[in-house]
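Enquirer: my questions are about this predicted structure, shown below with the sequence.
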Number of protein chains: 2
Amino acid sequence: MARFYGIGIGPGDSELVTVKASRILGELDILYTPEAKKGAKSLALEIAGPYLSEELMIKQRHFPMVRDKSHKEGQWLDIAEEIVADVQAGKNVGFITLGDPMVFSTYSYLLDIIGHRIETKTIPGITSYNSIAAEVGLPLVMDEESFAVVPATADVQHLEAVLRTHETVVIMKVANHLAEVLPLLKQFDLLDKTVLVSRSSTDQQEIRHGVADLSPEEKLSYFSTMLVKKH
Amino acid sequence: MARFYGIGIGPGDSELVTVKASRILGELDILYTPEAKKGAKSLALEIAGPYLSEELMIKQRHFPMVRDKSHKEGQWLDIAEEIVADVQAGKNVGFITLGDPMVFSTYSYLLDIIGHRIETKTIPGITSYNSIAAEVGLPLVMDEESFAVVPATADVQHLEAVLRTHETVVIMKVANHLAEVLPLLKQFDLLDKTVLVSRSSTDQQEIRHGVADLSPEEKLSYFSTMLVKKH
């Protein structure tokens, strides 16, 4: 039966795609991907590239990234209708998402809009922070510990509560938010206990152990994540 | 160069192994796995099975699961020495772990003991809760939300703080701890907002939406995880 697949393709290295995702990518008739910024290559398409069939139709569409959810969903209704029509015409349709489809992905919104109308299947992917923890050899969680994942865009009180509560905290979306995050890390005496990784698992991976010397104006890759570990 | 590989093999479905892990599994000379309980098949070996080479030497060893860390590490020193000797003899040695090697895995301890003595490489894996979120179609985190992963073995005050702080909470190791967890979920009015999944992504997967009717004495699979989502 034709389906809509939400496919997590991991953090950047094509080999960190699952066997299941690699198989399904090869069986797709149509792949929807977010339109890359002007002149930029799509990282998601590069990762999935080795697994795509030659007959695949790629539909690049503009998925707006705005804070206001109602506005965002409004803009997506057209794309959602197009996907429903493709699946109802018997096509296997995919949507690829960096990392995991259930962690900060626009796929969640699509699923919410069309999940009750067509057959859907979500394939999990390796998150950036699981890749980073493996790369730097720092466990996210052991024994009775807990860990949390929070975006740098959360409000300061919430970030404080999260940093207070957990042994390990992953802060995502830190690019352009260093001015808010760095003072908090200083307040909790965690600047030296923070690992900052950009473009994890790719050829351009950059790892910084300790962020005490980092300027709040530093220009970071959009794919930058902090791993804060108290002990 | 010979290496020690810590390999995450995901939650249960062999297809949820990454392409990288599947390749490295096939290149190993020796694989260390925890000894299964008497008469029980090793789930980890079943998952990795399709990717192992015929020449592979499998060394099943007893990795004690005890609360006292110093005791645990003491018992592991022999295994650690054996692994170091194998790698120094030019063998590629692997250790497989369900889910991800940096999330509640005994691999962390091994890495801590031998990581500075031999070349090591950690390969991330799909966690049970990423698989569960995909399966039931519930995002772990969107927009400005945060989520946390906490073991049911944490103390009650900590579990309370975690449930208070986050939109989504994953509670792991719930088997044998329902008597502590269920009253907390009731206190936060979250019994109906909890999904309980056992043996995710396997043929024996069981999904329960809502746990209001669950008895604290219910016998659950060791591989049972709760996904608590407030909205």
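Expert: Okay, I see it. Residues are numbered from 1 along each chain as shown, chains lettered A, B, ... in the order given.
Enquirer: find the nearest non-adjacent residue to A:Gln75, please.
Expert: Sequence neighbours aside, A:Pro64 is the residue nearest to A:Gln75 in space, at 4.8 Å (criterion: Cβ to Cβ, 6 or more residues apart in numbering or on different chains). For the C-beta atoms, the positions are set from N, CA and C on the backbone; glycine is no exception.
Enquirer: likewise for A:Ser146?
Expert: Closest residue to A:Ser146 apart from its sequence neighbours, by Cβ to Cβ, 6+ apart: B:Val150 at 3.8 Å.
Enquirer: quick check: angle from the helix or strand containing the one you found to strand A:147-151?
Expert: In the assignment (DSSP states H and E), B:Val150 maps to strand B:147-151. With axes from the mean of the first three to the mean of the last three Cα atoms, to 10 degrees as the basis, strand B:147-151 and strand A:147-151 are set at 180 degrees to each other.
Enquirer: name every strand pairing with strand B:147-151 and say which way it goes.
Expert: strand A:147-151 (antiparallel), strand B:168-172 (parallel) (DSSP bridges).
Enquirer: which strands or helices does the helix or strand of chain A with the lowest mean pLDDT pack on?
Expert: Within chain A, no helix or strand scores below helix A:69-88, which has a mean of 83 by mean pLDDT, DSSP states H and E. If you count contacts as 3 or more Cβ pairs under 8 Å, 6 or more residues apart in numbering or on different chains; DSSP states H and E, helix A:69-88 packs onto strand A:30-34, strand A:57-61, strand A:93-97, helix A:107-114.
Enquirer: deepest-packed of those, please.
Expert: Neighbour counts (mean count of other Cβ atoms under 10 Å in any protein chain shown) averaged over each of the helices and strands packed on helix A:69-88 peak at strand A:93-97, with a mean of 26.
Enquirer: could you say what helices and strands that one packs with?
Expert: Contacts defined by 3+ Cβ pairs under 8 Å, 6+ apart place strand A:93-97 against strand A:4-8, helix A:19-27, strand A:30-34, helix A:43-48, helix A:69-88, helix A:107-114.
Enquirer: comparing those, which comes out most buried?
Expert: Ranked by mean neighbour count, these are led by strand A:4-8 with a mean of 26 (mean count of other Cβ under 10 Å).
Enquirer: do you know how far the residue of chain A most remote from its centre is from B:Val195?
Expert: Largest separation from the mean C-alpha position in chain A: A:Ala89, at 29.8 Å (Cα atoms, centre = their mean). When distance is defined by Cβ to Cβ, to the nearest Å, A:Ala89 is 33 Å away from B:Val195.
Enquirer: same deal with A:Pro124?
Expert: Distance of A:Pro124 to B:Val195, given as Cβ to Cβ: 15 Å.
Enquirer: more neighbours: which of the two?
Expert: Each of A:Pro124 and B:Val195 has its neighbours counted (other Cβ atoms under 10 Å in any protein chain shown); A:Pro124 has more, 33 against 19.
Enquirer: for the more buried one, grab phi and psi.
Expert: Reported as degrees, to the nearest 10, the phi and psi values for A:Pro124 are phi -70, psi 160.
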